[in-house]
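Visitor: predicted model follows, preceded by the sequence.
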Amino acid sequence: MNTSGNTVLITGGAAGIGLALAKELLTRKNLVIVCDLKEERLSSLKKEIPAVETLVCDVTLPSDRVRLLETVEKNFPKINFFVNNAGVAMWHNFLKPESDLDQKIQVEVNTNLLGPMELTRLFLPLLLKQEKSILVNVTSALAYLPLALEPVYCATKAGLHSFSQSLRYQLKGTPVQVVEVLSSWVDTEMAQNVDTKKINPERVATEVLKGIEGNREEIRIGLAGPLYYISRLAPKWMFNQINKNTPPH
């Protein structure tokens, strides 16, 4: 698919991978709409880049999701490039649960899995109206094998990975292309406490658009490629390797 001349909507687009994608897509002469939970981030982004369109949306709230659809349908009906990027990650030890663990689980599941699935359901009729369109789901290399310290995050990303595969099959023969982005750790606010080598968001954005132009269904970035293959050849060994510094209790 061509990465210029599109109408693009990016969730969680005021920081990290979403912001890098927005900036790169703007340079390629796309109309870019960014939605984010934090209004102050969107205000700062609009001042920095007046060309970007901004909308406040909490993807975990059904009312916000519907309002986002209504706004886009009214003001940007030619949308043909949708990026489910909003995400959140938390560390949990279920043997030592926090008092608000139930709330945190809901936030992760609603942000990373239910939100993207529901937004897909809502926006799919619009995408199907276009001559050619694309749905991009940003998951993680941890969709292949989980990091034990992030059990809920990894479960949601594995779920979105599975959803992407099923949806791609269902949409065969339609104008909608389903693409999944899987990366190893990216240098964003979400990964600030992770002590490992990280990829900068700009590299992710560049590789995502290169993959889209190459019609790739799964765009694996950084260590996501090796992890994909090793997880199939020796899944138990690889799981133990990525969790070797995590005590079992």
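Guide: Nice, I can see it.

Visitor: hey, let's count contacts and neighbours off CA atoms from now on
Guide: Will do.

Visitor: and the strands in this protein?
Guide: In the chain, the strands defined using DSSP state E lie at 7-11, 31-36, 53-56, 81-84, 133-138, 176-183, 218-221.

Visitor: low-confidence bits of this protein, can you list those?
Guide: 188-196, 247-249 (pLDDT under 70).

Visitor: same thing but 90
Guide: Along the chain, the model assigns pLDDT under 90 to residues 1, 91, 93, 95-99, 184-199, 223, 242, 244-249.

Visitor: tell me which residues in the biggest helix by length in it are buried?
Guide: In the chain, assigned by DSSP state H, the helix with the most residues is helix 151-170. Residues of helix 151-170 classed as buried: 151-161, 163-164, 167-168 (neighbour count, 16 or more other C-alpha atoms under 10 Å).

Visitor: how far does it sit from the chain's center?
Guide: In this view, helix 151-170 has its centroid 11 Å away from the chain centroid, taken as C-alpha atoms, centre = their mean, to the nearest Å.

Visitor: just want the angle from that helix to strand 133-138.
Guide: Angle between the axes of helix 151-170 and strand 133-138 is 160 degrees (criterion: axes from the mean of the first three to the mean of the last three C-alpha atoms, to 10 degrees).

Visitor: now the nearest residue to Leu149 once chain neighbours are set aside: how far from Ala224?
Guide: Leaving aside its sequence neighbours, Leu149 sits nearest to Trp91 (C-alpha to C-alpha, 6 or more residues apart in numbering; 5.4 Å). According to C-alpha to C-alpha, to the nearest Å, Trp91 stands 21 Å off from Ala224.

Visitor: higher neighbour count, these two?
Guide: A direct count of neighbours by other C-alpha atoms under 10 Å for Trp91 and Ala224 places Ala224 higher, at 20 against 13.

Visitor: the more buried one contacts Thr139, correct?
Guide: No - under the criterion of C-alpha atoms under 8 Å, Ala224 is not in contact with Thr139, lying 10.8 Å apart.

Visitor: give me the common contacts of these two.
Guide: Each of Leu182, Ser183 lies in contact with both Ala224 and Thr139 under the rule C-alpha atoms under 8 Å, 6 or more residues apart in numbering.

Visitor: what sits against Ala148?
Guide: Ala148 makes contacts with Asn243, Thr246, as judged by C-alpha under 8 Å, 6+ apart.

Visitor: phi, psi for Gln99 please.
Guide: Not Gln; residue 99 is Ser. Note on Ser99: backbone dihedrals following degrees, to the nearest 10 are phi -60, psi -30.

Visitor: residues touching it, list them.
Guide: No contacts exist for Ser99 under C-alpha under 8 Å, 6+ apart.

Visitor: and the gap between it and His92?
Guide: Going from Ser99 to His92 by C-alpha to C-alpha gives 11 Å.

Visitor: which one of the buried residues of helix 151-170 is nearest Ile230?
Guide: Lowest distance from Ile230 to the buried residues of helix 151-170 (C-alpha to C-alpha) belongs to Ala158, with 16.5 Å.
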